[in-house]
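[1] Can you look at this prediction? I've put the sequence above it.
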Amino acid sequence: MSWSVGQVAGFAGVTVRTLHHYDAIGLLVPSARSHAGHRRYDDADLDRLQQILFYRELGFPLEEVAALLDDPDADPRAHLRRQHGLLTARIERLQKMAAAVEQAMEARTMGINLTPEEKFEVFGDFDPDQYQEEVQERWGDTDAYRQSRERTASYTKEDWQRIQREADELTRRFVALMEAGEPADSEAAMDVAEDHRQGIARNHYDCGYEMHTCLGEMYVNDERFTRTIDQARPGLAAYMRDAILANAVRHTA
């Protein structure tokens, strides 16, 4: 069984021109040619292309990809082990980036007063200023936004670090309840939700129960928040939303 260059380009999501280039530099030379001289690729060629595209996705130059794949001492299992290690490292990096994005969005929503060095120390690689336009568009006209900026204008690095520790502790408590099988509308889960609401009110802006439920809905409706929150445990964003809603009903019914 063999495939044409056009078919392989369609399978792999690359251009025919890319495959021609790989052939020209000896990185992926098709195993056969048709009677008319057209390239024909077999299963082994497709396996090699898959390896090439994987390393390219991770940013390896073509010269290094060729050296890795043509290493006479390597076997398929060695490539798989290497790829697994590289993917694991990339996943960890992306998870850290996602957490930093959430922190940056939250910080810009609330207002910050940190030096560039302190921003890096507290929030990691992401600059909260890059979310200013989005935050102002979504919340700039709200009393909560104005109150938060006024209240947090004098916050120091230590203040933001304390707030992050409090948030981490709330996450830990929610996750522990989930793992213990506690329903989101249990007294214990609602108590954590209430502590979450009071933390917002204490550190940022007056957060009534209606406002709190809106935040809970945002945790599941905005995929960036959902993705970041669920890193602690899959389903955590929805669990928090449900606990927040149950707590609001408990206090307003």
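    Sure, I can see it.

[2] can you map out the helices along the stretch 51-200 of the chain?
    62-69, 76-110, 116-123, 132-139, 143-152, 157-179, 187-203 (DSSP state H, counting those that start in this stretch).

[3] where's the most centrally placed residue in the chain relative to T226, distance?
    Centroid-nearest residue in the chain, with C-alpha atoms, centre = their mean: A98, separated by 3.6 Å. The gap separating A98 from T226 is 10 Å, by C-beta to C-beta, to the nearest Å. From N, CA and C alone the C-beta is placed, and that goes for glycine too.

[4] now W3
    40 Å.

[5] again with F11
    Distance of F11 to T226, given as C-beta to C-beta: 32 Å.

[6] And for L27?
    According to C-beta to C-beta, L27 stands 40 Å off from T226.

[7] what about the closest residue to Q83 other than its chain neighbours, how many residues close to it?
    Once flanking residues are discounted, Q83 sits nearest to F54: 5.9 Å by C-beta to C-beta, 6 or more residues apart in numbering. For F54, the count of nearby residues is 16 (other C-beta atoms under 10 Å).

[8] per-residue confidence for F54?
    In this model, F54 is scored at 83, pLDDT.

[9] Can you tell me how far it is from L86?
    Distance from F54 to L86, counting by C-beta to C-beta: 8 Å.

[10] what about A176, neighbour count?
    Neighbour count of A176, defined by other C-beta under 10 Å: 13.

[11] Same question for A89.
    Neighbourhood size, A89 [other C-beta under 10 Å]: 11.

[12] Now do it, the pLDDT please.
    Listed pLDDT for A89 reads 77.

[13] now do G199
    Note on G199: pLDDT of 92.

[14] ok, now the one 5 residues further on?
    Reading off the confidence values, H204 has pLDDT 82.

[15] Also D23?
    At D23, the model reports a pLDDT of 95.

[16] Can you give the contact residues for the helix or strand encompassing it?
    Here D23 sits within helix 16-24, counting by DSSP states H and E. Under the contact criterion C-beta atoms under 8 Å, 6 or more residues apart in numbering, helix 16-24 has outside partners 5-6, 8-9, 28-30, 39, 49, 52.

[17] 6 Å instead, please
    Contact partners of helix 16-24, identified using C-beta atoms under 6 Å, 6 or more residues apart in numbering, comprise 5, 9, 28-29.

[18] same deal with stretch 178-192?
    For stretch 178-192, the external contacting residues (C-beta under 6 Å, 6+ apart) are 173-174, 177, 233, 239, 242-243, 246-247, 250.

[19] let's see it at 10 Å
    When contacts are defined by C-beta atoms under 10 Å, 6 or more residues apart in numbering, stretch 178-192 is touched by residues 169-174, 176-177, 193, 232-236, 238-251.

[20] Now do the buried residues in that stretch.
    If you call a residue buried by 16 or more other C-beta atoms under 10 Å, then stretch 178-192 has these buried ones: 178, 182, 184, 189-190, 192.

[21] go on, stretch 152-168?
    152, 155, 157, 159-160, 163, 167.

[22] Only the buried subset of the contacts of stretch 178-192, as a PyMOL command please.
    Listed next is the PyMOL selection for buried residues among the contacts of stretch 178-192, using 16+ other C-beta under 10 Å:
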select buried, resi 170+171+173+174+177+193+236+238+239+240+241+242+243+244+245+246+247+248
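
[23] Let me see the contact set for Q7.
    40-41.

[24] Next up, identify which helix or strand it is on.
    According to DSSP H and E, Q7 maps onto helix 5-12.

[25] What residues sit buried inside that helix?
    Buried residues in helix 5-12, counting neighbours by 16+ other C-beta under 10 Å, are found at 5, 8-9, 12.
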